[in-house]
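[1] Starting from these lines, generate the structure:
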Amino acid sequence: MRTPLLFLALLLASLGHAELIVEGVDAELQRNVRSYVALAGEPCDAESWLVRRRFRAVVAEVETALQPYGYYDPIIETALEQTADCWKATVRIDAGKPITLRNVAIAVEAAPEDRDNFADLIAAPDLSAGSRLLHSDYESLKESLQIRAAERGYVEAVFLENSIDVWPEEHAADLALNFASGPRYEFGEIALTQSILDETLVRAFLDFEPGMPYDNRLLTRAYNDLSRSGYFKRIELMPEFERAANRQLPVSIVLEPADRIEYTIGLGISTDTGPRARAGFQNRRVNDRGHRLQTDLSVSTVLQGLSAEYRKPLTDPRTEWLSYTSGLSSENTDSSKSDTGRIGVRRSKQIKPEWMRTLSLDLNYDRYDIGGAESSSRLVLPGIVYDHKRADLDLFPTRGRRLTLELRGAANALGSDTSFMQTIVGARIVRSLSADSRLLARATVGVTAQSEFSELPPSVRFFAGGDESVRGFGYETLGPTDELGNVIGGSNLLVASIEYEHKLRNNFYGAIFVDAGNAFDDLNVDAAISAGLGVIWRSPVGPLRFYLAHPLNKSDRNVRLHIRLGADL
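    Numbering: from 1, shown residues only. Down below sits the predicted model:
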């Protein structure tokens, strides 16, 4: 076998390698020169006469390649070596002194009320007197003006003048650019083609109407809002420039429905709940008013639940809706056992671009066993939640934050078995320290004012420990205890965590973390502390996390495995 392999190696070694060597300029100019020089594309076995012809054109091609960068009088030396097998060419370049802009005249002719639409573009500092001439900056400005005009409805916009006069011997250039915007068009007829929802509901997704100044950003916003609604699988919003007349620009909107019925099935695992299964049903369009119905069934060794939600959009279907909810759940933890039935109503509204407010009123009935004592509870729970989220990415952000503020309570006067007021504040922050590392921090604070703590069911008491609390301790195994040592929960909660992640390879990251906190009464926190290591796989559906956590205090000092799948914020 050695003889054929040796022959192949000698054959490959004997093959020549065509080469164009460019010297004297930086890497960017080298790349541009190679893209212009036709000789660079000829193989070793090209005809000798063709190589020589290509070589004679090299100087002119190099000059052309340098001009977009402002070099108009370079000194170029070339050399060609040809053998029977191949060729090699060398180009040595002294680019010389670059051309600078001497006289720059950039203007936009527009009505006074329209000039602000172009002011940021014509103030570009790269095209000022004394700057180096770069043709790409000039072409970029021209393109930006044309795009801006199209986006803002200046259908008749034209260049009255656009020229660059270069004086190589003076190393100077004169630039003139005069852009006339013409009149700004308004939105004309808005033709809506769909047979899915009530037309009034669909038009509520639009921030524009006939007679308003045309702005393509409003079309983009409408497209995004319609897409996020889940009602449609095909969305077309097109300005009809060919039909523009009398300073009116018609818009055509064509919508096709998404599947009305959706079924979902999922399997998962976490240390808190163990293996779990989920099945869901959703009707995206119960009627032409956009009402929805959604049900979910979840089963795990710790928690089983069935929930339903009927939701309808309100005045603005993008930001405001009313939901009727119900649910049955059964939870069995190391601390308590409880069965809960719930019905409620919620009104959610986006009050700012990144802030959501939810008003709620729930009727809960709990039967529970905690600390060896069985009891039941009826709670009428009004509440309000403010939720703020900002992130550059949904599943694995490099920079983001989330803040949640919840206030809820119950009172005997409203039909509850007990009275209490509870505030819960949660915060999460993600920051990139480098291209390959992130810092994650979270904290949760809960405070309860109650008339009689023993009357509160487990669903409104605070516990600590678990995947999303203090790792290294079991799910809801931390908190005040009774005289027999049973964890019965606390009226207050303070939990914090900090975690550093660094990329290991591909989509795998290593992590190191410290958690601390506990549920408590009065001001006696008695924080449980843990630390550990983790491995994170950045999966297509969100980060899958494996942690080994070691308690640093308390009686339980065993290392505990935590598994969790879910977004960071």
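[2] Only C-alpha atoms from now on, for both contacts and neighbour counts.
    Will do.
[3] in the protein, which residue is closest to the centre?
    Leu393 (2.6 Å; CA atoms, centre = their mean).
[4] so what's that one up against?
    Contacts for Leu393 (CA atoms under 8 Å, 6 or more residues apart in numbering) come out as Arg399.
[5] Ala57 versus that one, what's the distance?
    Using CA to CA, to the nearest Å, we find Leu393 at a distance of 50 Å from Ala57.
[6] With Ala279 instead?
    70 Å.
[7] what's the answer for Pro551, then?
    75 Å.
[8] Leu484 now?
    95 Å.
[9] now Phe473
    Distance, Phe473 to Ala57, by CA to CA: 76 Å.
[10] can you check Ile488 too?
    From Ile488 to Ala57 the distance is 88 Å (CA to CA).
[11] With neighbour numbers in mind, choose between the two.
    A count of neighbours by other CA atoms under 10 Å puts Ile488 above the other of Ile488 and Ala57, at 24 against 13.
[12] The more buried one touches Ala464, doesn't it?
    No. Look at Ile488 against Ala464 with CA atoms under 8 Å: they stay out of range, at 11.1 Å.
[13] intersection of neighbour lists for the two?
    Joint contacts of Ile488 and Ala464 (CA under 8 Å, 6+ apart) are Gly479.
[14] Let's see the distance spanning stretch 115-133 from one end to the other.
    Stretch 115-133 end-to-end distance (CA to CA) = 26 Å.
[15] Name the residues of it that come out as buried.
    Residues Phe118, Ile122, Leu127, Ser128, Ala129, Arg132, Leu133 are the ones in stretch 115-133 that count as buried (16 or more other CA atoms under 10 Å).
[16] Which of the residues you listed fall in helices?
    Of the buried residues of stretch 115-133, the ones assigned to helices by DSSP state H are Ile122.
[17] buried sites along the strand ranked longest in the chain?
    In the chain, taking DSSP state E as the definition, the longest strand is strand 373-391. Neighbour counts over strand 373-391 (16+ other CA under 10 Å) mark 376-391 as buried.
[18] Tell me how far Asp165 lies from Tyr214.
    Distance, Asp165 to Tyr214, by CA to CA: 36 Å.
[19] So for those two, which sits in the more crowded spot?
    Neighbours per residue (other CA under 10 Å) separate Asp165 from Tyr214, with Tyr214 holding more: 26 against 12.
[20] Return, as residue ranges, the portions of the stretch 51-200 of the chain with sub-threshold pLDDT.
    For the stretch 51-200 of the chain, the stretches with pLDDT under 70 are 124.
[21] just to revisit the earlier point, among the buried residues of stretch 115-133, find me the one that's closest to Thr448.
    Phe118 (55.7 Å; CA to CA).
[22] Ala107 is in contact with that closest one, correct?
    No. Counting by CA under 8 Å, Phe118 stays clear of Ala107, with 9.7 Å between them.
[23] Out of the helices and strands in the protein, which is least certain?
    Taking mean pLDDT, DSSP states H and E as the measure, helix 2-14 is the helix or strand of the chain with the lowest mean score, a mean of 43.
[24] need the next SSE after it, C-terminal direction.
    strand 19-23 (DSSP states H and E).
[25] Give the buried residues for the helix or strand that comes right after that following strand.
    Counting by DSSP H and E, the next helix or strand C-terminal to strand 19-23 is helix 27-36. Residues Leu29, Gln30, Asn32, Val33, Arg34, Tyr36 are the ones in helix 27-36 that count as buried (16+ other CA under 10 Å).
[26] wait, the fourth one sits on Ala60?
    I take that to be Val33. No. Using CA under 8 Å, Val33 is not in contact with Ala60, being 10.8 Å away.
[27] Tell me who's in contact with Val425.
    Here Val425 is in contact with Leu403, Thr404, Leu405, Glu406, Thr444, Val445, Gly446 (CA under 8 Å, 6+ apart).
[28] could you pull out the helices for the chain?
    Along the chain, counting by DSSP H, helices occupy 2-14, 27-36, 48-56, 58-66, 119-122, 135-152, 199-203, 216-229.
[29] and of the ones you listed, who's closest to Arg346?
    helix 216-229 (18.7 Å).
[30] tell me which residues in stretch 328-344 are buried?
    Per 16+ other CA under 10 Å, stretch 328-344 contains these buried residues: 328-333, 335-344.
[31] pLDDT on it, on average?
    The average pLDDT within stretch 328-344 is 91.
[32] With stretch 246-254 instead?
    The model assigns stretch 246-254 a mean pLDDT of 95.
[33] when you give positions from now on, start the count at 11
    Sure, I'll start numbering at 11, so the last one becomes stretch 256-264.
[34] Just list whatever residues bridge to Leu575.
    Leu554 (DSSP bridges).
[35] what's the distance between it and Tyr557?
    Separation of Leu575 from Tyr557 (CA to CA): 12 Å.
[36] sorry, back to before: and the buried residues of strand 383-401, which two are furthest apart?
    Among the buried residues of strand 383-401, Ser386 and Ala401 lie farthest apart (CA to CA), at 41.7 Å.
[37] Phi, psi for Arg141 please.
    No, residue 141 isn't Arg; it's Ser. With angles defined as degrees, to the nearest 10, Ser141 sits at phi -80, psi 150.
[38] what about the spatially closest residue to Val551 that is not a sequence neighbour, how many neighbours?
    Sequence neighbours aside, Leu405 is the residue nearest to Val551 in space, at 7.4 Å (criterion: CA to CA, 6 or more residues apart in numbering). Leu405 has 17 neighbours, counted by other CA under 10 Å.
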